[in-house]
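K.L.:
What shape does this take:
(chains A and B)
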Amino acid sequence: MTIPTQRHGVPPAPRALEVRGLTKAYDGRTVVDDVSFSVEEGEVFAILGPNGAGKTTTVESIAGLRTPDAGSIEVFGLDPVWDREQVRRCLGVQLQESRFQDRLTVREIVETFAALHADPLDVGDLVDRLGLGDEADTRYARLSGGQQQRVSIAVALVGRPRAVILDELTTGLDPQARRETWGLVDELRDDGVTVLLVTHVMEEAERLADRLALLDRGRVVAIDTPQGLVDSADLEQRIRFTTSAPIEDEWLRRLPEVSRVARADGEVTVAGDQEMLFSVVALLASHQIVPGRFHVDQPNLDDAFVALTGRRLVTTTADQEVA
Amino acid sequence: MAALLILARAQTRVFLREPAAVVFGLAFPALLLVVIGTVFPGATEAVPAFDGRSLVDVYAPVTVVLGLATLAITMLPAALASDRERGILRRLSTTPAHPRALVAAHLTVQATAVTLASVLAVLVGVLAFDLPLPRSPGWFVVAYALSVAALLSLGVLIGALVRTTSAGQAIGMLVYFPLLFFAGVYVPLEIMPPGIQTIAGYTPAGAAVRALSDAWAGDPPTATSLLVLAASATIAGGVAVRHFRWE
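P.N.:
Okay, here's the model as predicted:
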């Protein structure tokens, strides 16, 4: 079997998504400020950020629902505004807070949207795959929130898109429905569909994304793999434990890997770098002390976000008032 | 065109599953004619004040316009606002179809429904209350088509501009009841004071009833009636197209 090598004069296949310098303001307020990122075909890429970070405006621009003030967007090499028709054929979009007619059944809704596409998926199969098989003939108004969300996903997928935008995929879903929906994104990845996931839920990005862009106040703060982001933030690890016999704080402090030691409610909390765990355990062993209720707090994306922006991902009411 | 048919099919289902739409949209004109024909004594006898027509003859075009106004003004704006509120219009913008196709689907379903309702009312009148068929069928079709265009355009205009479903319903009602008055639903146009008759003739509802009545009697509708209807359709439709809120 011969593998064709890249020939001269043939441009490389365009990326699934290419966003350069995207800027958009509403009433003089810049909500998306010079955002750039690219997504390879087949990749699951997340845009993660707190409410008001400009995530939805970014994906609405990619979907061609907004015209950027500045910058360029390409979806498989096509412009969402100028090549509207072609982009609509290869890009599926699940919008935040989108609902359907109460009096139509699941099957009727998905069939209607299927008929608008040239080469749709089989509606019965799709509805089954989304776990809506038993509800196919149930009217939309009678569905649970999770089921309604899955109808919205079905509508985004029924046109057999090469790339799909999923905006706040699991908002309002119970934990069970959330896990099922995550499984669906895994299936899309297995099918080679490019996924652009928009979320303010850290676990979702961490669990699903191959790479992600952290967005804060309209700007891209960092782009990396979830683990890469955590590693590059160079965050401390923390361990907490009780001890079978008293231990001097000073012994722990003397370990080069340890930066801080604190005590509360009979528990010792030790902070330090990634190698600290082994040294602390070795120290306890050498004094024949057995640690109890041992916890390791790994730094996560939320911690990385705080390190990069000084703010938390999970916004409190006070934060939202500021935003 | 394909998108229009697909969406019209879905919208027909939505329409038929709403009991209020079926009762008020399809059966209301015929029911009103039955009430007038049976409750008022001598409703089928010639009345000199109505140029020798009967009360049923006078009310037949009024019931047609009533059915039209009910669908176009009380139901269409709320339906369009609901589609917008639910994000269905926006959602369509992300498919190969344009959301315009859904508006066109609504208009197709409404025009079909009101035509069925009108045929039903005329049949009831003809079979039960000696109502003559329109004596000038050509003009009747012209007057009817312009009336449908005028009132549906008005409905789309309201639906184009309101933000919410409840605002669509509220503004629809505010427009609906005056329209019914000028259509002669409460008091026939023929026995209104002359000044009010003149004003009514310049409203889409009044002009619609005039044009339909004339064609029914075998006369060509007046130029004023036809112009009022055509102008309402053009202006309301034009403004709606220019300022339609898709989200």
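K.L.:
Three-state assignment for the residue lying closest to residue B:59 once chain neighbours are set aside, please.
P.N.:
Nearest non-adjacent residue to residue B:59, counting by Cβ to Cβ, 6 or more residues apart in numbering or on different chains: residue B:36, 5.0 Å away. Yep, even glycine has a C-beta here, placed from its N, CA and C like the rest. Following DSSP: H, G, I helix; E, B strand; the rest coil, residue B:36 is assigned to helix.
K.L.:
Quick one: neighbours of residue B:36, just the number.
P.N.:
Neighbour count of residue B:36, defined by other Cβ atoms under 10 Å in any protein chain shown: 21.
K.L.:
ok, residues contacting the helix or strand hosting residue B:234?
P.N.:
Residue B:234 is part of helix B:223-243 when elements are defined by DSSP states H and E. Residues external to helix B:223-243 that are found in contact with it (Cβ atoms under 8 Å, 6 or more residues apart in numbering or on different chains): B:142-143, B:146-147, B:149-151, B:153-154, B:156-157, B:159-161, B:201-204, B:207-208, B:210-211, B:214.
K.L.:
try it again with 7 Å
P.N.:
For helix B:223-243, the external contacting residues (Cβ atoms under 7 Å, 6 or more residues apart in numbering or on different chains) are B:146-147, B:149-150, B:153-154, B:156-157, B:160-161, B:201-202, B:204, B:207-208, B:210-211.
K.L.:
For the residue nearest the centre of chain A, which residues are in contact?
P.N.:
The residue lying closest to the centre of chain A (Cα atoms, centre = their mean) is residue A:205, at 3.0 Å. Listed by Cβ under 7 Å, 6+ apart, the contact set of residue A:205 reads A:46, A:48, A:199, A:212, A:226, A:301.
K.L.:
Check which residues of the helix holding residue B:234 are buried.
P.N.:
Across helix B:223-243, burial judged by 16 or more other Cβ atoms under 10 Å in any protein chain shown covers B:225, B:226, B:228, B:229, B:232, B:233, B:236, B:237, B:240.
K.L.:
which of the contacts of helix B:223-243 come close to chain A?
P.N.:
Of the entries in the contacts of helix B:223-243, none also sits close to chain A under the rule Cβ under 7 Å from any Cβ of the partner chain.
K.L.:
As a check, name the ranges of all strands in chain B.
P.N.:
Using DSSP state E, chain B contains no strands.
K.L.:
Now the residue of it most remote from its centre: closest residue in space, sequence neighbours ignored.
P.N.:
The centre of chain B is farthest from one residue, residue B:94, which by Cα atoms, centre = their mean lies 32.4 Å away. Excluding the flanking residues, the one nearest residue B:94 by Cβ to Cβ, 6+ apart is residue A:93, at 3.9 Å.
K.L.:
what's the burial count for that neighbour?
P.N.:
Residue A:93: 28 surrounding residues under other Cβ under 10 Å.
K.L.:
got it, and residue A:122?
P.N.:
Neighbour count for residue A:122, taken as other Cβ under 10 Å: 11.
K.L.:
Is residue B:172 in contact with residue B:79, as I believe?
P.N.:
No - in this structure, residue B:172 is not within contact of residue B:79 by Cβ atoms under 7 Å, at 10.2 Å.
K.L.:
so which strand or helix has residue A:36?
P.N.:
Using DSSP H and E, residue A:36 sits within strand A:29-39.
K.L.:
Name the strands paired with the following helix or strand past that strand and say parallel or antiparallel.
P.N.:
Per DSSP H and E, the first helix or strand lying C-terminal to strand A:29-39 is strand A:44-48. In the sheet, strand A:44-48 lines up against strand A:194-199 (parallel), strand A:211-216 (parallel) (DSSP bridges).
K.L.:
The nearest residue to residue A:257 once chain neighbours are set aside - how many residues pack around it?
P.N.:
Among residues not flanking residue A:257 along the chain, residue A:276 sits closest, at 4.0 Å (Cβ to Cβ, 6+ apart). Number of residues near residue A:276 (other Cβ under 10 Å) recorded here: 22.
K.L.:
Can you pull the residues of the stretch 1-150 of chain A lying near chain B?
P.N.:
So the stretch 1-150 of chain A meets chain B at A:63, A:65, A:85, A:88-89, A:93, A:95, A:97-101, A:103-104, A:108, A:112-113, A:115-117 (Cβ under 7 Å from any Cβ).
K.L.:
Restricted to buried residues, select those in ChimeraX.
P.N.:
To isolate the buried members of the residues of the stretch 1-150 of chain A next to chain B in ChimeraX, using 16+ other Cβ under 10 Å:
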select /A:63,65,88,89,93,95,98,99,100,101,103,104,108,112,113,115,116,117
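K.L.:
So which of the residues of the stretch 1-150 of chain A next to chain B belong to strands?
P.N.:
Secondary structure from DSSP E places residue A:93 of these in strands.
K.L.:
how much space between the residue positioned nearest the centre of chain B and chain A?
P.N.:
Residue closest to the mean C-alpha point of chain B, counted by Cα atoms, centre = their mean, is residue B:68 at 1.8 Å. Taking Cβ to the nearest Cβ, to the nearest Å as the measure, residue B:68 falls 23 Å from chain A.
K.L.:
how close does the residue nearest to residue A:257 sit to chain B?
P.N.:
49 Å.
K.L.:
quick one on the thing from earlier: which of the strands paired with strand A:44-48 has the highest mean neighbour count?
P.N.:
A comparison of these by mean neighbour count, using mean count of other Cβ atoms under 10 Å in any protein chain shown, puts strand A:194-199 on top with a mean of 26.
K.L.:
How far does that one sit from its chain's centre?
P.N.:
Counting by Cα atoms, centre = their mean, to the nearest Å, strand A:194-199 is centred 6 Å from the centre of its parent chain.
K.L.:
hmm, who's touching that strand?
P.N.:
The set of residues external to strand A:194-199 that reach it, using Cβ under 7 Å, 6+ apart, is A:16-17, A:39, A:41-48, A:55-56, A:59, A:162-169, A:185, A:188-189, A:205, A:208-209.
K.L.:
interface residues of the stretch 151-300 of chain A facing chain B?
P.N.:
Proximity of the stretch 151-300 of chain A to chain B (Cβ under 7 Å from any Cβ) is limited to residues A:155, A:159.
K.L.:
and with 10 Å instead?
P.N.:
A:152, A:155, A:156, A:158, A:159, A:161, A:165 (Cβ under 10 Å from any Cβ of the partner chain).
K.L.:
rewinding a little: mind checking what secondary structure the residue nearest to the centre of chain A has?
P.N.:
State at residue A:205, reduced to three classes by three-state DSSP: helix.
K.L.:
and it, what pLDDT?
P.N.:
Per-residue pLDDT puts residue A:205 at 90.
K.L.:
where in the chain is pLDDT low?
P.N.:
With no chain named, the answer covers chain A. Chain A contains residues with pLDDT under 70 at A:1-11, A:314-323.
K.L.:
Actually, chain B is the one I wanted.
P.N.:
Using pLDDT under 70, the flagged stretches of chain B are B:1.
K.L.:
sorry, back to before: now for the contacts of residue A:205: which two are most distant?
P.N.:
Across the contacts of residue A:205, no pair lies farther apart than A:199 and A:226, at 12.0 Å, counting by Cβ to Cβ.
K.L.:
picking that back up, contacts only, for the residue farthest from the centre of chain B.
P.N.:
Neighbour list for residue B:94: A:60, A:63-65, A:87-88, A:91-95, A:98, A:113, A:155-156, A:159, A:161, A:165 [criterion: Cβ atoms under 10 Å, 6 or more residues apart in numbering or on different chains].
K.L.:
ditto for residue B:6
P.N.:
Residue B:6 neighbours (Cβ under 10 Å, 6+ apart): A:111, A:112, A:113, A:114, A:115, A:116, B:97, B:101, B:102, B:105.
K.L.:
do that again at 8 Å, thanks
P.N.:
Counting by Cβ under 8 Å, 6+ apart, residue B:6 makes contact with A:112, A:115, A:116, B:97.
K.L.:
Go through these and flag which are in helices.
P.N.:
Applying DSSP state H to those, the entries found in helices are A:112, A:115.
K.L.:
The residue nearest to the centre of chain B contacts residue B:147, doesn't it?
P.N.:
Yes - using Cβ atoms under 8 Å, residue B:68 makes contact with residue B:147 at a distance of 6.3 Å.
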